[in-house]
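J.: Have a look; sequence and predicted model below, questions after that.
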Amino acid sequence: MMGVFKQQNLRETETRQPMCLHHLQEQNLRVFCWCNRCSHNAELEVDLLIERLGALYPVPELGIHLRCSHCNTQDVSTRPAWPSHGGQIARHG
Ligand SMILES: [Zn+2]
């Protein structure tokens, strides 16, 4: 069941080093992005983003460059497209 993820992980990514594109590439993950206005969501290929923005680009900031293909707003958020949620996401080192 896909819920609407908003800002529950922001505090973590602020205090820790944000996840970068190369981290996702290493783990074979894609980028999950969703629109804050209409809740449209999609997954993006990391390779394409690295070509555009570089491997060290932080994942939480990808939304700046994205636009919703449904309602055309730029209010888009991103996070790693973990295959499942509720499992091993909350690792605190
Ligand atoms: Zn939208």
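T.: The structure has been received and is ready for your questions. Numbers count the residues shown, from 1 in each chain.
J.: Number of residues surrounding residue 24?
T.: Around residue 24 sit 23 other residues, with neighbours defined as other Cβ atoms under 10 Å. Where C-beta positions appear, they are placed from N, C-alpha and C, glycine not excepted.
J.: mind listing what the residue nearest to it when sequence neighbours are not counted touches?
T.: The shortest distance from residue 24 to any residue that is not its chain neighbour, by Cβ to Cβ, 6 or more residues apart in numbering, is 4.7 Å, and that residue is residue 46. Under the criterion of Cβ atoms under 8 Å, 6 or more residues apart in numbering, the contact list for residue 46 reads 21, 24-25, 29-31.
J.: a markdown table for the residues you listed, including pLDDT, secondary structure and distance to the ion?
T.: Output for the contacts of residue 46, formatted as a markdown table (pLDDT from 0 to 100; DSSP: H, G, I helix; E, B strand; the rest coil; distance: Cβ to the ion, whole Å):
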| residue | pLDDT | secondary structure | distance to the ion |
| --- | --- | --- | --- |
| 21 | 96 | helix | 23 |
| 24 | 95 | helix | 23 |
| 25 | 96 | helix | 27 |
| 29 | 95 | coil | 23 |
| 30 | 96 | coil | 19 |
| 31 | 95 | strand | 16 |
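J.: and the protein, which residues reach the ion?
T.: With the criterion set to Cβ under 5 Å from the ion, the chain comes near the ion through 35, 37-38, 40, 68, 70-71.
J.: try 8 Å
T.: Within reach of the ion by Cβ under 8 Å from the ion, the chain has these residues: 35-40, 68-73, 75-76.
J.: Mind checking which of the residues you listed land in strands?
T.: By the criterion of DSSP state E, membership of those in strands covers 35, 76.
J.: which among the residues of the chain next to the ion end up buried?
T.: Buried members of the residues of the chain next to the ion, scored by 16 or more other Cβ atoms under 10 Å, are 35-36, 68, 76.
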